[in-house]
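>>> structure for the following, please:
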Amino acid sequence: MSNLAEKTRSQFIRYGIQRANRFQVTIPLPKEVDAILSGSETQEGLIPGWVKSAINLGGIILGLNSNGQRSIQFVCRATEVPGVQFGTESQEYNGHTIRMATGIERESVNFTFQLSEDVQEKKIFDSWKSLIVNETTRQVGYFDDYTVDIQIDILNLKDQPVYTVYLIDAYPMTIQSISLNKMATDMANALETSWAFTRLSPTSVRDDSNSPIPGSIGEIIDGIANGDLESAAYAARKLIVQAQNGNFTGEAGAIFAKIDEIVRNATGVSVTEMEKVGGNLQGMVNKATGISESERSSLTNIVSDLLRF
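The predicted model follows:
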């Protein structure tokens, strides 16, 4: 093996390769569109009940917004990180023709969404487009009312973000038609969309609707979707503990650290086994003498929440 080939091989072994399917997106909905999920969505609507439960868990523990505001990200099956093209013009300098940059030209970004059986995703985009231009009155909406900041994360094999970019002031510029074919009996249907945005940014410029969904919620959803309930429960327990990290000191902090350690090492633990573990944890909390009653109550609530999964 040549020296160059060996160095290339070592590079891949050390740093791995990025896989096209390792990504996540966070697409908050405008408040008017979010009302669809908050009000009229049924249990069999855009997202199944188990997904809504997972998102509600995040809302309760981490103070996230309502379940509708990040719903379509779970059915986004393809997208892209935008590239950059600079506008140029030719300038003469010392007898040479130089192409000088004049600005940045933005292209649209494509998102593909898997359609659920009741095509609720299409209904959401129908409501979104009415905020942009009302087809009845032809009235154009206010820019801030129909634009959002979209977050795109490239993930490693541990589902940890290694690159994040925000599409600032994004909105669906094109909503493609949905193909129907009676001969395609086993083909899943999808909705193709193209989005305009004003610029790219490493951080969001908005204060609302753009907190990324914690990785543990994604793990909950993935686990249940794959029929791996134990992994989903493990992710839920991690989320509960993560939300309380740093809230305890002294003996209470030591007890919390023990709870954290047990949870992190409890992957694959069944509900029955977790009940036994929970009983031991509760006994440890009850016997502690150097903690306040409020700390005892908070630790008890954590243990109780852990036993729900």
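>>> can you pull the contacts of residue 281?
For residue 281, the contact set (Cβ atoms under 8 Å, 6 or more residues apart in numbering) comprises 258, 259, 262, 303, 306. Where C-beta positions appear, they are placed from N, C-alpha and C, glycine not excepted.
>>> ramachandran coordinates for it?
phi -60, psi -40 (degrees, to the nearest 10).
>>> where does it land on pLDDT?
Looking at residue 281, its pLDDT is 78.
>>> equivalent analysis for the one 4 residues further on, please.
With respect to pLDDT, residue 285 scores 85.
>>> mind checking which helix or strand it is in?
For residue 285, the element it lies in under DSSP states H and E is helix 271-287.
>>> enumerate the positions of that helix that are buried.
274, 277, 278, 281, 282, 285 (16 or more other Cβ atoms under 10 Å).
>>> could I get these as CSV with distance to residue 145?
Output for the buried residues of helix 271-287, formatted as CSV (distance: Cβ to Cβ, whole Å):
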residue, distance to residue 145
274, 46
277, 49
278, 47
281, 48
282, 49
285, 49
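>>> quick one: contacts for the nearest residue to residue 191 once chain neighbours are set aside?
Counting by Cβ to Cβ, 6 or more residues apart in numbering, residue 191 lies nearest to residue 113, which is 4.7 Å off, once chain neighbours are set aside. Contacts here follow Cβ under 8 Å, 6+ apart; on that basis residue 113 touches 72, 75, 76, 77, 121, 190, 191, 193.
>>> which among those residues count as buried?
For those, a burial check counting by 16+ other Cβ under 10 Å picks out 72, 75, 76, 121, 190, 191, 193.
>>> state the helix or strand in which residue 77 lies.
Counting by DSSP H and E, residue 77 is found in strand 76-78.
>>> helix or strand next in line after that strand, which one?
strand 85-93.
>>> give me the contact list for that next one.
97, 98, 99, 100, 101, 102, 103, 104, 105, 107.
>>> tell me where the model's unsure across the stretch 1-150 of the chain.
1, 34-74 (pLDDT under 70).
>>> which residue ranges of it form helices?
Taking DSSP state H, counting those that start in this stretch to define them, one finds helices in the stretch 1-150 of the chain at 3-15, 31-35, 49-62, 120-132, 143-146.
>>> thinking again about what came up before, what's the closest of the buried ones among the contacts of residue 113 to residue 162?
residue 76 (18.6 Å; Cβ to Cβ).
>>> what sits opposite that closest one in the beta ladder?
residue 113 (DSSP bridges).
>>> tell me who's in contact with it.
Contacts of residue 76 by Cβ under 8 Å, 6+ apart are 25, 27, 111, 112, 113, 114.
>>> for the first one, what are its contacts?
If I follow you right, that is residue 25. With Cβ under 8 Å, 6+ apart, residue 25 has these contacts: 73, 76, 79, 111, 150, 151, 152, 153.
>>> and it, how far is that from residue 112?
Taking Cβ to Cβ, to the nearest Å as the measure, residue 25 falls 11 Å from residue 112.
>>> mutual contacts of the two, please.
With Cβ under 8 Å, 6+ apart as the test, residue 25 and residue 112 both reach 76, 79.
>>> what about the contacts of residue 25, which one has the most neighbours?
Neighbour counts for the contacts of residue 25 peak at residue 150, which has 25 neighbours (criterion: other Cβ atoms under 10 Å).
>>> that one is in contact with residue 197, isn't it?
Yes: taking contacts as Cβ atoms under 8 Å, residue 150 lies within contact range of residue 197: 7.4 Å.
>>> need the residues touching each of these two.
In contact with both residue 150 and residue 197: 167, 170, using Cβ under 8 Å, 6+ apart.
>>> which helix or strand lies directly C-terminal to the helix holding residue 285?
As assigned by DSSP H and E, the chain's next helix or strand after helix 271-287 is helix 293-306.
>>> give me the helices and strands touching that next one, please.
helix 229-243, helix 250-264, helix 271-287 (3 or more Cβ pairs under 8 Å, 6 or more residues apart in numbering; DSSP states H and E).
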